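J.: Below is the sequence, then the predicted model.
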Amino acid sequence: MENSKSPNPLEDVSNTKDPFAEDAPAKNNSTELADAENDTAENATENAQDPESQDPRAKGWANPTPYNYADFANRNADDWAGIATRYEWKAEWNDEYGDIGPRNEELEKQLFEGDLITRAGTRLQQLNNPPLVTCESEDVISAIGEWDDAGLHPIMRENVRLCLYDKPTTVQSFVLPAVMQGKDVIGIAQTGSGKTGAFLIPILSKLMGKAKKLAAARPDVTKEYNPAEDGVRAEPLVLVVCPTRELATQIFDEARRLCYRSMLRPCVAYGGAPARFQRDELRKGCDILIGTPGRILDFMGQPHVLSLRRVRFTVIDEADELLQLDWEEDFKKIMSGGDMNEDDDHRYMMFSATFDKECRKLARTYLGASHIRVRVGRPGSSHINVTQNVLYVDDNMKRNALYDLLLSMVPIRTLIFVNNKEQVDYVDDYLFNRGLPSTSIHGGRTQREREDAIRSFRSARCPIMVATGLSARGLDIVNVMHVINYDLPKVQHGGITEYVHRIGGRTARIGNEGVATSFYNERDQDIATDLVKILIECNQAIPDFLEEFRPDENEITFDDDTDRDEPDSDSDSDADVAKNDDGPSLEDYFASDDKPNENSSVAGGADDSQWAPKANEQSSQAW
């Protein structure tokens, strides 16, 4: 955030640059934000007695906007995320342009400008020097340092430039060459580290220039098009399966950008939205299908709508979350559909922030024995670019604490997590009635309401969003600078893994900085030990009320550090060393002299990785 008057966010914000403007920097001052949070407890009583200090308008927040149900009733199909404009190839271009279509300046502005793209932040280099990088493979994979080293198709290289992706992130630097070499891949990395680009960029690049040969015939929808007569069966070359509707639409948006000026046509299929509109898009032709398991299975049950017989790449994104949702049986049906590939050259990829036993079981079933496993950091570790603060707040004081916390800071995009749908409505209503521009999202809302809420949050018409953890999984919105855990996740609902997804997957994406504030009290003791471990691992301050849960340095271990099953032999080969690598425990961090990773089987790149630098140390205090 930039403030021409003072770096103190508690002072007058009238001269503050609009943090939601399209040209606002995609970074924030974590020290500034954290200072504001730490000041909250001290000023709470004083603020409560000062009416002006309790006026959201005086603090720079916009007026709250009620939901317009009359407008909602008049919406048409074009408002659905899945019907978003994409680059449509014209049959007449085949001879004139080859496999690279002409520019469409209007669409180019829509795809590559504004608030759709998360720009790389100032901490990208820190993100690209994680504490541990391993690339386990029978073959040597040379990591790339620049996009020009990746062997991308010319139009993909240009689209990457338009996306303002300056350099590959660490996970991209290893996954791209692996995919380009035709390998099955497992990618395990922090949320917000560029995993979506890691699989879309090389897959689409490999298919560019081959669409005429590989893709099914489809109509020219830029001319007169009659769905009943001209529609075709969708036979995608790429299938991406993910757990939530919001994540599906975001991957679809990324595919729209990366397919620009190519013959490849992306589509998205997810539940909650009318199947009719999605079916109509599929029947125009589909080369890349992104979707949730339920809706994909629905369309698979309609052979005239969808066939997976041409699929060459199947990607499972957020695999850990999908398996937690009991999609295993549906997976088998979807995967078996992709196995009908006529050329028998089907590649499988799995990506996740964690990689538990169920994920490993799925990988053993479908991935080839020579697959490549790229692991960046410890599975389930937290993001090094997030400043984490923990405040002690009794349940009956949470509303007041939240309100005072929001008013103590410069208005910024803020995502607030609670643990159930009823609480989402309760907190959203409270903030709205106190004059703050809030919106909310949870699984009980209609898909139209969910998409409207995301639009309002993305455009900053409502820069405060209240959500459950699952409903916000995968959201990638520019300049989300603050995540607040109004409720910490319970162990039976994900525990520390869910905490990591919340704070790392929404803020501090692609090298940007972020702040996470968590409200804690005695009801959260089931997560306290794991929370302390995460704070220690990320060099964050431990508040006094959590000191009793701090383990001795030689006792700090992580229950799920490994993403490999135990090997069958006691071989001392390099490959077995890599498979046995359980990731660094915290005692490794304490004992480290900035040693490089010695277990990597890559040529260059990973062997230069250093242990994580310290994050800004901010004191956490009680409410």
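T.: Sure thing, it's come through. Quick caveat: nothing in here was measured; it's all calculated off a predicted structure. Numbering: from 1, shown residues only.
J.: Output the below-cut-off pLDDT ranges for the stretch 151-300 of the chain.
T.: 191 (pLDDT under 70).
J.: need the strands for it, in chain order.
T.: Taking DSSP state E, counting those that start in this stretch to define them, one finds strands in the stretch 151-300 of the chain at 185-188, 238-241, 266-269, 288-291.
J.: Direction included, what does the first one pair up with?
T.: Put plainly, it is strand 185-188. If you go by DSSP bridges, strand 185-188 pairs up with strand 347-352 (parallel), strand 372-376 (parallel).
J.: and what of the last one?
T.: Sheet neighbours of strand 288-291, with direction, are listed as strand 238-241 (parallel), strand 266-269 (parallel) (DSSP bridges).
J.: Now do the helix or strand hosting Glu106: everything it contacts.
T.: Glu106 is located in helix 105-112, with elements delineated by DSSP states H and E. Helix 105-112 has contacts (C-beta atoms under 8 Å, 6 or more residues apart in numbering) with Thr85, Tyr87, Leu162, Cys163, Arg256, Arg257, Tyr260. To be clear about C-beta, it is placed using only N, CA and C from the backbone, and glycine gets the same treatment.
J.: For the residues you listed, which single residue is the most surrounded?
T.: Within those, Tyr260 tops the neighbour count with 23 neighbours, counted by other C-beta atoms under 10 Å.
J.: which phi and psi does it have?
T.: Dihedral pair for Tyr260: phi -50, psi 130, per degrees, to the nearest 10.
J.: Pull the contacting residues for it.
T.: Contacts of Tyr260 (C-beta under 8 Å, 6+ apart): Tyr87, Leu107, Glu108, Leu111, Ile155, Asn159, Leu162.
J.: quick one: it and Leu107, what's the gap?
T.: 7 Å (C-beta to C-beta, to the nearest Å).
J.: for the stretch 101-250 of the chain, what spans make up the helices?
T.: Applying DSSP state H, counting those that start in this stretch to the stretch 101-250 of the chain gives helices spanning 105-112, 124-127, 154-162, 170-180, 195-207, 211-214, 227-230, 245-258.
J.: measure stretch 231-244 end to end?
T.: 28 Å (C-alpha to C-alpha, to the nearest Å).
J.: Now do the domain split for the protein, please.
T.: 30-58+382-555, 132-220+227-376 (automatic domain parsing).
J.: can you list the ones you listed in CSV and add distance to Asn94?
T.: Formatted as CSV, the domains of the chain follow (distance: least, C-beta to C-beta, whole Å):
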stretch, distance to Asn94
domain 30-58+382-555, 35
domain 132-220+227-376, 8
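J.: what's the angle from the helix holding Glu106 to helix 245-258?
T.: 140 degrees (axes from the mean of the first three to the mean of the last three C-alpha atoms, to 10 degrees).
J.: What mean pLDDT does helix 105-112 get?
T.: Summarised as a single mean, pLDDT over helix 105-112 is 92.
J.: and that helix, which residues are buried?
T.: Leu107, Leu111, Phe112 (16 or more other C-beta atoms under 10 Å).
J.: and the angle for it with helix 154-162?
T.: Going by the same axes, to 10 degrees, helix 105-112 makes 60 degrees with helix 154-162.
J.: Run through the neighbouring helices and strands of whichever strand or helix holds Ala453.
T.: Counting by DSSP H and E, the element that carries Ala453 is helix 447-459. Under the contact criterion of 3 or more C-beta pairs under 8 Å, 6 or more residues apart in numbering; DSSP states H and E, helix 447-459 touches helix 69-73, helix 245-258, strand 438-441.
J.: so what does the second one touch, helix or strand wise?
T.: Helix 245-258 makes packing contacts with helix 105-112, helix 154-162, helix 195-207, strand 266-269, strand 288-291, helix 447-459 when contacts are defined by 3+ C-beta pairs under 8 Å, 6+ apart.
J.: of all the ones you listed, which lies closest to Lys183?
T.: helix 195-207 (10.4 Å; C-beta to C-beta).
J.: for that closest one, packing partners?
T.: helix 154-162, helix 170-180, strand 185-188, strand 238-241, helix 245-258, strand 313-317, strand 347-352.
J.: would JSON lines of these with distance to Gly495 be doable?
T.: Shown next, in JSON lines, are the helices and strands packed on helix 195-207 (distance: least, C-beta to C-beta, whole Å):
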{"stretch": "helix 154-162", "distance to Gly495": "37"}
{"stretch": "helix 170-180", "distance to Gly495": "24"}
{"stretch": "strand 185-188", "distance to Gly495": "19"}
{"stretch": "strand 238-241", "distance to Gly495": "25"}
{"stretch": "helix 245-258", "distance to Gly495": "21"}
{"stretch": "strand 313-317", "distance to Gly495": "22"}
{"stretch": "strand 347-352", "distance to Gly495": "16"}
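J.: Select, out of those, the one closest to Gly444.
T.: Across those, closest to Gly444 is helix 245-258 (C-beta to C-beta), at 13.4 Å.
J.: quick one, helices of the stretch 351-500 of the chain?
T.: Under DSSP H, counting those that start in this stretch, the stretch 351-500 of the chain gives helices at 357-366, 398-407, 421-433, 447-459, 495-506.
J.: CA atoms only: put the last one into PDB for me.
T.: Included here for helix 495-506 are C-alpha records, laid out as PDB according to Å, rounded to 0.1, in the frame of the first residue of the first chain:
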ATOM      1  CA  GLY A 495      -6.900 -28.800  11.100                       C
ATOM      2  CA  ILE A 496      -3.500 -27.400  10.300                       C
ATOM      3  CA  THR A 497      -3.700 -28.500   6.600                       C
ATOM      4  CA  GLU A 498      -6.800 -26.400   6.200                       C
ATOM      5  CA  TYR A 499      -5.100 -23.500   8.000                       C
ATOM      6  CA  VAL A 500      -2.200 -23.700   5.500                       C
ATOM      7  CA  HIS A 501      -4.600 -23.700   2.500                       C
ATOM      8  CA  ARG A 502      -6.400 -20.700   3.900                       C
ATOM      9  CA  ILE A 503      -3.500 -18.400   4.600                       C
ATOM     10  CA  GLY A 504      -1.200 -19.500   1.700                       C
ATOM     11  CA  GLY A 505      -3.800 -20.000  -1.000                       C
ATOM     12  CA  ARG A 506      -5.500 -16.600  -0.900                       C
END
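J.: Parallel or antiparallel, list what pairs with the very next helix or strand once past it.
T.: Later in the chain than helix 495-506, the nearest helix or strand by DSSP H and E is strand 514-520. Strand 514-520 sits in its sheet next to strand 386-392 (parallel), strand 480-485 (parallel), going by DSSP bridges.
J.: Kindly calculate the angle that strand 514-520 makes with helix 495-506.
T.: 150 degrees.
J.: how about the helices of the stretch 101-250 of the chain in JSON lines, adding distance to Gly187?
T.: Formatted as JSON lines, the helices of the stretch 101-250 of the chain follow (distance: least, C-beta to C-beta, whole Å):
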{"stretch": "helix 105-112", "distance to Gly187": "25"}
{"stretch": "helix 124-127", "distance to Gly187": "15"}
{"stretch": "helix 154-162", "distance to Gly187": "18"}
{"stretch": "helix 170-180", "distance to Gly187": "5"}
{"stretch": "helix 195-207", "distance to Gly187": "6"}
{"stretch": "helix 211-214", "distance to Gly187": "24"}
{"stretch": "helix 227-230", "distance to Gly187": "38"}
{"stretch": "helix 245-258", "distance to Gly187": "14"}
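J.: Out of these, flag the one nearest Arg276.
T.: For Arg276, the closest of the helices of the stretch 101-250 of the chain is helix 227-230, at 10.2 Å, according to C-beta to C-beta.
J.: I'd like to check what contacts that closest one. Which residues are they?
T.: Pro219, Asp280, Arg283, Lys284.
J.: Can you tell me which of these has the most neighbours?
T.: In the contacts of helix 227-230, the most neighbours by other C-beta under 10 Å go to Arg283, 23 neighbours.
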